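Visitor: Any chance you could fold what I've pasted below:
(chains A and B)
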Amino acid sequence: MNVLWLQRLSCCGNTHSLLNCETFNALLKEVNFLFHPSLSLESEEELLSDITKGNVKLDLLILEGAVKMDDQRIKELCYIAEYVIAVGSCAVYGNVPALKDGNVCGLQYRFKEKGGLLGEDFVSKGGLPVINLSGCPAHPEWIVGVIRSLSKGIKPALDSFGRPKEFYSSLTHWGCTRNEYFEWKIEPESLGSKKGCLFYNYGCRGPMTYSSCNTILWNGMNSKTRAGTPCFGCTEFDFPRVGLFETKQFAGLPAELPIGVSKRGYIMLSGVAKMFAPERLKSED
Amino acid sequence: MRIEKRLLSRVEGIAELELIWGNGYVQDVKIKIPSSRGIERVLEGRPFMDALVITPRVCGICGHAHLMACVRALEDAIGNVKLTQKAKLVRDITLTVEMIQNHIKWFYLFVMPDFIRLGEKIEDFEPFKGKKWKKAINVSSQVVKIIAIFGGQWPHSSYAVPGGITSNFTTSDISRALSIAESVAEFFLEDVVGMDEEGFRSFRSAGLWEELKGDIGLFVNLCIKHKLEKVGSSYGRLLTGGEVFPCITPGHFTGEKKLCSLNLSKIKEVGSPSYSSVKVVRYNGLPYETGPLSRQFLSNNPFIKKLYKAYKDSYMTRVMARLLEIWELLDAIREKLYGLYALIKEPSYYHPYQKVEKVSGEGLGMVEAARGTLIHRVHISKGIITKYHIITPSVWNLGPRCEKYLGVAEKAIIGLEHPLHAEMVLRSFDVCSVCTTH
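Guide: This is a model prediction of the structure:
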């Protein structure tokens, strides 16, 4: 499978995320990278003109970074490629570069509005819309996983934002080592603690964000929430929200509740949880 | 006169070289870096803690340095923030780890493949295929695990906050980090310099860079073969603003005199010419180079002292400084990791202010990033950022000319006779265009 990786308005964080992947070297045995701007010796221009002339087959285009709305080059390549992946939240939603520039967007979205550079009806030759790997950056296992599936002829099932369900159907909250504190509604006394749930006071988006961060872990080691940093919801269209370390409160309740939880259910359960919380969870040791 | 435009790959982001040729050599050069993402403007109007999440997004390869500059700027603005020794050490460790990761990738992925383009048959360094190329990726992916242990993930961690760090850890976490540091030290000795530790330390103390074997030995041979040991010099004025205890301290070298101090009020930005959107930064009105060459020269690394004496701030010296810095940083990391054992019971964090709405002030944060001195400036009014300003190392090195002086990298490229050499000299500064424009 011939893979082309291009960058636009980006910090190159997804490239470095990919290079962190312990199975990246193994992937290179299975797929052929035609070009990557951070890695290749060849000239980008020559290769792109070979692709547009049809001399080189393009099986997979991966775009990192947000795009300008008039980027004809990328548009043209998206229609030539069998499959298109937008890697990272900039390429998916526009994200940071789009916040102060109305002419910047993602490949098929601008924040939550469908459309982007390619329009809402875009389908690549292989029959899929843009495969969106959101995240700031995207986890390397998501990138490698999807490339492998496509190279084996398996089309990933996508959610309503074009993201593979395999990686974006469970909440970041799953697998967090602080789950017991969430259940019993115990906040940490301050930052810098191994204990306590960051959802109640520190703005943790874990229960409102889809990703597998806490089950597959970062760098094979850890995650933000395990390291006491709240989840900032970087796989969702509204990243980076304003007030990233704060839980907005409304009438004594978090203004936003975990996905699928009713206000009534939350009030009843949290009252009971607080009352019966085990002592061992409450003290710092 | 002939104008040639070259688009550079194998840099962080995109950079364009405009070479003006005449009489067989580069008469003038302009370095162009497109595409700003407007990150400073995104920060204005937000609660100041948001900067800890947004500023790392300036750069995928040195985002952690941005986090550290940011947290220092915020702490400076808040005022009277006390940090435990434990929090300080851990921040130092993770910042240094990011530099090592950078230096390994840069040498194996960006620098060595250039010699393939010069016709050398060094298949081990071939992108996507070479043994050395693959190993370098593997080692750099290992070393950043140390950041993940303390900071949750790399890239784009936000674990340093005003008052300390968000994580707490156990002795087994320190032990895991130490094992990783040891394995990177092994890689450095076996692959980079090709000798055992005892041998390396004795050559180091005498500065005998000619004795180095391994990949750095190969690099030296290739430089000499292609006459790259003397070219690529700039002004020979070197500056380091930040600190990596105990191996790097602030100071500057005027080209004649070495001074162990830096006067921050002498750092000024001036207007840039029309071809560039990058600012011009000057110290005392003069252009200065920042980065590993400055750091290793100012901290008297014996190898770099000798190299500088022989070849000044040439392409070869600059590359060697970055590569040999890996060892100095590794030594510092190991010492600090051992130091953490005694501090394990200290708190990771103290809350540094009463009410967030009452936080107002100006702050400056300066750190050494992989490419040199990184400065963040913040203005906070009632908890909200009113102004944010970043001077990256690449602005020092790759920034354009002012009325009086050429930019540092521009000056280094003028006079070269081969277009590939021009690219290589530019890469020797470790180009980070995403940082330069942010």
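Visitor: From here on, just use CA atoms for contacts and neighbour counts.
Guide: OK.
Visitor: and residue A:228, what element?
Guide: Of the helices and strands defined by DSSP states H and E, none includes residue A:228.
Visitor: Please spell out the segments of the stretch 101-250 of chain A that come in under the pLDDT threshold.
Guide: Counting by pLDDT under 70, the stretch 101-250 of chain A shows no low-confidence range.
Visitor: For it, list the residues in contact with chain B, please.
Guide: Contact residues, the stretch 101-250 of chain A versus chain B (C-alpha under 8 Å from any C-alpha of the partner chain): A:136-137, A:190-194, A:218-229, A:240, A:242-245.
Visitor: For PyMOL, write the select line for the buried members of these.
Guide: In PyMOL syntax, the buried subset of those is picked out as below (16 or more other C-alpha atoms under 10 Å in any protein chain shown):
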select buried, chain A and resi 136+137+190+191+192+193+194+218+219+220+221+222+223+224+225+226+227+228+229+240+243+244+245
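Visitor: give the contact list for the residue in the stretch 51-200 of chain A positioned nearest to chain B.
Guide: Nearest residue of the stretch 51-200 of chain A to chain B (C-alpha to the nearest C-alpha) works out as residue A:192 at 4.0 Å. Applying C-alpha atoms under 8 Å, 6 or more residues apart in numbering or on different chains, one finds that residue A:192 lies in contact with A:228, B:164, B:165, B:166, B:167, B:168, B:347, B:348, B:349.
Visitor: let's see it at 10 Å
Guide: Contact analysis of residue A:192 by C-alpha atoms under 10 Å, 6 or more residues apart in numbering or on different chains lists A:227-229, B:87, B:159-161, B:163-169, B:347-351.
Visitor: With residue A:249 instead?
Guide: A:200, A:201, A:255, A:256.
Visitor: Surely the third one is in contact with residue A:266?
Guide: No: Residue A:255 sits out of contact with residue A:266 when judged by C-alpha atoms under 10 Å, with a separation of 11.8 Å.
Visitor: The longest helix anywhere in chain A packs against which elements?
Guide: If you go by DSSP state H, chain A has its longest helix at helix A:263-276. Secondary-structure packing of helix A:263-276 (3 or more C-alpha pairs under 10 Å, 6 or more residues apart in numbering or on different chains; DSSP states H and E): helix A:179-183, strand A:253-254.
Visitor: Quick check: which element contains residue A:34?
Guide: Residue A:34 belongs to strand A:32-35, assigned by DSSP H and E.
Visitor: List the buried residues for the next helix or strand after that strand?
Guide: Next along the chain after strand A:32-35, taking DSSP H and E as the criterion, comes helix A:44-52. Judged by neighbour count (16+ other C-alpha under 10 Å), helix A:44-52 contains these buried residues: A:44, A:47, A:48, A:51, A:52.
Visitor: same check, this time on stretch B:193-205
Guide: Result for stretch B:193-205 [16+ other C-alpha under 10 Å]: buried residues B:193, B:194, B:195, B:200, B:203, B:204.
Visitor: could you give me the average pLDDT of it?
Guide: Averaged across stretch B:193-205, the pLDDT comes to 98.
Visitor: Spatially central residue for chain A, please.
Guide: In chain A, the residue lying closest to the centroid (C-alpha atoms, centre = their mean) is residue A:135, at 2.1 Å.
Visitor: wait, doesn't that one sit right on residue A:211?
Guide: Yes: taking contacts as C-alpha under 10 Å, residue A:135 lies within contact range of residue A:211: 8.3 Å.
Visitor: which residues do those two both contact?
Guide: Taking C-alpha under 10 Å, 6+ apart as the contact rule, residue A:135 and residue A:211 both touch A:142, A:233, A:234, A:235, A:236.
Visitor: Mind jotting down where the strands sit in chain B?
Guide: With DSSP state E as the criterion, chain B has strands at B:2-8, B:15-22, B:25-32, B:160-161, B:164-165, B:238-240, B:251-253, B:258-259, B:267-270, B:280-283, B:289-290, B:361-369, B:372-381, B:384-391.
Visitor: check contacts around the residue nearest to the centre of chain A.
Guide: Neighbours of residue A:135 in contact, by C-alpha under 10 Å, 6+ apart: A:14, A:87-92, A:142, A:210-211, A:213, A:233-237, A:239.
Visitor: do that again at 8 Å, thanks
Guide: A:88, A:89, A:234, A:235, A:236.
Visitor: returning to what we had before: buried ones in the strand holding residue A:34?
Guide: So for strand A:32-35, counting by 16+ other C-alpha under 10 Å, buried means A:33, A:34, A:35.
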